[in-house]
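Enquirer: What follows is a predicted protein model with its sequence.
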Amino acid sequence: MSNTEQTVRPQQTPLYQKHIEAGGKMVDFAGWEMPINYGSQVKEHKQVREDAGMFDVSHMVILDFKGKEVKAFLQYLLANDVSRLKDSGKALYSAMLNDKAGVIDDLIVYYLADDFYRMVVNAATREKDIKWIIKQLESFDVTMEERDDLSMIAVQGPNAREKVVSILVNELSSEEADQANELKPFFGKQMGDWFVARTGYTGEDGFEVLLPNESVAKFWDQLLEKGVKPIGLGARDTLRLEAGMNLYGTDMDETITPLSAGMAWTVAWEPEDRDFIGRQALQKEKATGPKMKLVGLVLEDKGVLRGHQKVITDFGDGEITSGSFSPTLSVAIALARVPFETKDQCHVEIRGKQLAARIVKPPFVRNGKALV
Amino acid sequence: MNNENPGDLKYTKSHEWVRDNGDGTVTVGITDHAQELLGDVVYVELPEVDTELTTEEACGVIESVKAASDMYAPLDGTVTEVNEELDGEPELINSAPFGEGWVFSMKLANPDDLDNLLDANEYEAVCQEDE
């Protein structure tokens, strides 16, 4: 194989054959051949809201950080503060910023031990993230290892945990299955070769399970047997949008700070003497007040909201960052960046017409229930 | 679901089907192949009755959860009727693209223009090229 072929041909996860067997329509996503759906995106969406579905998220990037200075390093690298993590296994959502406080990526970091943290970052930003992190690592006594030996399945929905636990009883031990069952939200635990975390990207309860590449196909089949249905990237997007969760590259990027991306809550200002990358720029923005904010929109007229549509408010124009039709609410919803002063109402320009929309605070849906 | 393109219909390269009603009017919809590509349809912007259309003019929009897709007038003519059922049940386009999921009817300016459209076999070839 020539070099060009290697760079052009999308990669496949260890579950590629399983997707084909399940009728997955494969598309290129960030250099990976991934299922966009397995027939109907709306059915898959509802399956997660009402029962249990599974996502192959093996393309995501798992990074292990070890060493004496790992906590100090992450306190410098991330806008959120890992010293908030007191209990082993606890997870934290954070932005990783550049010097101008632009968002390089959003990520989850798990505190596993004083000298061991695990991070999960986006697949689409893999190369620039790793490059950036390695650059920052220079002055710290910390090692980073990419865990491409691990695959990852997110099992989400009201019945997801029960179904996973019933598999863990046999795959691991009844003791470990109990431990998984008792995990609190946003906690993870290492269980032999497996790492089970009560996290996700759908607004539903469930687990994200990290396990060796060679074990993942069997786990997938066991989940299928329990009635857990495969869910594609299409439904993953509408589920996360309803849950009011940002998508990197769409709702924020390096030109946007967390204060204009609905991520102010993830910035740990205290302690004041913690120097993290982007802090100075961010403090300046905070002092003068951010000009824009990220809000939720619910379309009151008929139509579908989409990314990049113009939002018209009494205080100036904004833009939809991600929009779609909400299968749970049966209306169009969106995340939009609008002038900071914007209040309850706005208009969205769709094909030359101005349609009325209501401004809401995401999430739109949590645990199967409409919140707007 | 029957994936075959009915032999009694005419087709466009932009994936509309056209049924000759025999009275100078035609009924227009999107093909099974088109709805398959779009995925779950959630909203249809219908043309207005009495609108005069020219061939290949954008005259409606089919929106799925995935994307918005324009619909084009297959021939010159005037809109006579639109399928208002699609307002409440846009998914009819997915479940019955050649039947209850029809989109609009139009009176043709020149009924002979029908001969310019593709037949089922020619349309099938267009779909093959797409893949």
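Expert: Received the coordinates, thanks. Remember, it's a predicted structure, so these values are computed and weren't measured experimentally. Numbering: from 1, shown residues only, chains lettered A, B, ... in the order given.

Enquirer: shaky segments in chain B?
Expert: By pLDDT under 70, the weakly predicted segments of chain B are B:1-3, B:131.

Enquirer: So which residues of it form helices?
Expert: B:32-38, B:85-88, B:92-95, B:120-130 (DSSP state H).

Enquirer: Mind listing what's buried along the longest one?
Expert: Taking 16 or more other CB atoms under 10 Å in any protein chain shown as the basis for neighbour counts, the residues of helix B:120-130 that come out buried are B:120, B:123, B:126-127. (Each C-beta comes from the backbone N, C-alpha and C, glycine too.)

Enquirer: What of the first one?
Expert: In terms of neighbour count (16+ other CB under 10 Å), helix B:32-38 has its buried residues at B:32-38.

Enquirer: Beta-bridge partners for A:V331, please?
Expert: Assessed by DSSP bridges, A:V331 has beta-bridge partners A:S326.

Enquirer: pLDDT score for it?
Expert: At A:V331, the pLDDT value in this model is 96.

Enquirer: Quick check: it vs B:D50, distance?
Expert: With distances taken as CB to CB, to the nearest Å, A:V331 is found 30 Å from B:D50.

Enquirer: pretty sure A:W220 is in a helix, no?
Expert: Yes: counting by DSSP: H, G, I helix; E, B strand; the rest coil, A:W220 is located in a helix.

Enquirer: wait, isn't it in contact with A:M54?
Expert: Yes: using CB atoms under 8 Å, A:W220 is in contact with A:M54, at 7.2 Å.

Enquirer: where do the contact lists of those two overlap?
Expert: Overlap of the contact sets of A:W220 and A:M54 (by CB atoms under 8 Å, 6 or more residues apart in numbering or on different chains) consists of A:I153.

Enquirer: These two: which has the busier surroundings?
Expert: A:M54 (28 against 23; other CB atoms under 10 Å in any protein chain shown).

Enquirer: ok, now which ones touch the more buried one?
Expert: A:153-156, A:220, A:223, A:228-231.

Enquirer: got the phi/psi numbers for it?
Expert: When read as degrees, to the nearest 10, the backbone of A:M54 gives phi -130, psi 140.

Enquirer: number of nearby residues for the residue lying closest to A:D28 once chain neighbours are set aside?
Expert: Spatial nearest neighbour of A:D28, chain neighbours left out: A:P10 (4.8 Å); criterion: CB to CB, 6 or more residues apart in numbering or on different chains. A:P10 has 15 neighbours, counted by other CB under 10 Å.

Enquirer: Could you do A:P185 as well?
Expert: 10.

Enquirer: ok, so what distance separates it from chain B?
Expert: From A:P185 over to chain B the distance is 28 Å, taken as CB to the nearest CB, to the nearest Å.

Enquirer: Quick check: that residue touching A:R198?
Expert: Yes: here A:P185 reaches A:R198: they are 5.3 Å apart, a contact under CB under 8 Å.

Enquirer: quick one: buried residues of stretch A:131-139?
Expert: Applying a neighbour-count criterion of 16+ other CB under 10 Å, one finds A:132-133, A:137 buried in stretch A:131-139.

Enquirer: A:A356: what secondary structure?
Expert: Assignment for A:A356 (three-state DSSP): strand.

Enquirer: count of neighbours near the residue nearest to it when sequence neighbours are not counted?
Expert: Closest residue to A:A356 apart from its sequence neighbours, by CB to CB, 6+ apart: A:E300 at 4.5 Å. By other CB under 10 Å, 15 other residues sit near A:E300.

Enquirer: re earlier: okay if I get the buried residues of helix B:32-38 as TSV plus distance to chain A?
Expert: TSV is the format used below for those (distance: CB to the nearest CB, whole Å):
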residue	distance to chain A
B:D32	14
B:H33	14
B:A34	15
B:Q35	11
B:E36	10
B:L37	10
B:L38	11
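
Enquirer: Quick check: residues of chain A near chain B?
Expert: Residues of chain A found near chain B (CB under 8 Å from any CB of the partner chain) are A:36-37, A:40-43, A:45, A:234, A:238, A:302-304, A:306, A:324-325, A:327, A:332, A:351.

Enquirer: Can you say which of these are buried?
Expert: Buried members of these, counted by 16+ other CB under 10 Å: A:36-37, A:40-43, A:45, A:234, A:238, A:303-304, A:306, A:324-325, A:327, A:332.

Enquirer: on that earlier part again, out of the buried residues of helix B:32-38, which one sits closest to A:D317?
Expert: B:L38 (29.8 Å; CB to CB).

Enquirer: what sits against the closest one?
Expert: B:30, B:62, B:64, B:66-67, B:69.

Enquirer: Apply 10 Å and report the result again.
Expert: Contact partners of B:L38, counting by CB atoms under 10 Å, 6 or more residues apart in numbering or on different chains, are B:15, B:30, B:62-69, B:93-94.

Enquirer: go on, A:D301?
Expert: Per CB under 10 Å, 6+ apart, neighbours of A:D301: A:331-332, A:347-348, A:350, A:353-357.

Enquirer: Same check on A:V103?
Expert: In this structure, A:V103 makes contact with A:79, A:95-97, A:125, A:246, A:248-249, A:251-258, A:260-261, A:263, A:278, judged by CB under 10 Å, 6+ apart.
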